[in-house]
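In: Sequence first, predicted coordinates after that:
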Amino acid sequence: MSLETGLVKYCVNTPLTIVGFLSMYAFGGVILTFLNTFHEILSGNFIEAFFEYFIFSALPPTSVYQVLLTVAAGTTVAGLKWYVAMSRR
């Protein structure tokens, strides 16, 4: 099995299990929180950066789309981390 096939299997199969879905949801939440907060800090809006951090880290999602986006972000970043770690061996 090639690494690319393993990456696709990782990204598809991980969110299909309960533990994988919850893990990718938590990991994706951290990723999206940092990305949104970092964007606001770079634009100089420190008050809005605080609110973005609070909104993305403390409040639950309000739609199924937000949950799926969070899981997709977590799965993508985790899959790419796996790919890079395996390719260095």
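Out: Happy to help now that I have it. Numbers count the residues shown, from 1 in each chain.
In: quick one: low-confidence parts of this structure?
Out: Applying pLDDT under 70 to the chain picks out residues 1.
In: quick one: stretch 39-56 to chain centroid distance?
Out: Centroid separation for stretch 39-56 versus its chain: 18 Å, with CA atoms, centre = their mean, to the nearest Å.
In: Ok, stretch 41-61 next?
Out: Chain-centre distance of stretch 41-61: 16 Å, with CA atoms, centre = their mean.
In: Can you name the residues in contact with it?
Out: Residues external to stretch 41-61 that are found in contact with it (CB atoms under 8 Å, 6 or more residues apart in numbering): 29, 32-33, 36-37, 39-40, 67, 70. (Each C-beta comes from the backbone N, C-alpha and C, glycine too.)
In: Return the subset of those residues lying in helices.
Out: With helices taken from DSSP state H, the overlap with those comprises 29, 32-33, 36-37, 39-40, 67, 70.
In: Just the buried subset of those residues, please.
Out: Taking 16 or more other CB atoms under 10 Å as the criterion, what is buried in the ones in helices among the contacts of stretch 41-61 is 29, 32-33, 36-37, 40, 67, 70.
In: Taking the residues you listed, tell me the two that lie furthest apart.
Out: 40 and 67 (22.6 Å; CB to CB).
In: What segments of the chain are helices?
Out: Going by DSSP H, the chain shows helices at 3-13, 18-42, 46-58, 64-87.
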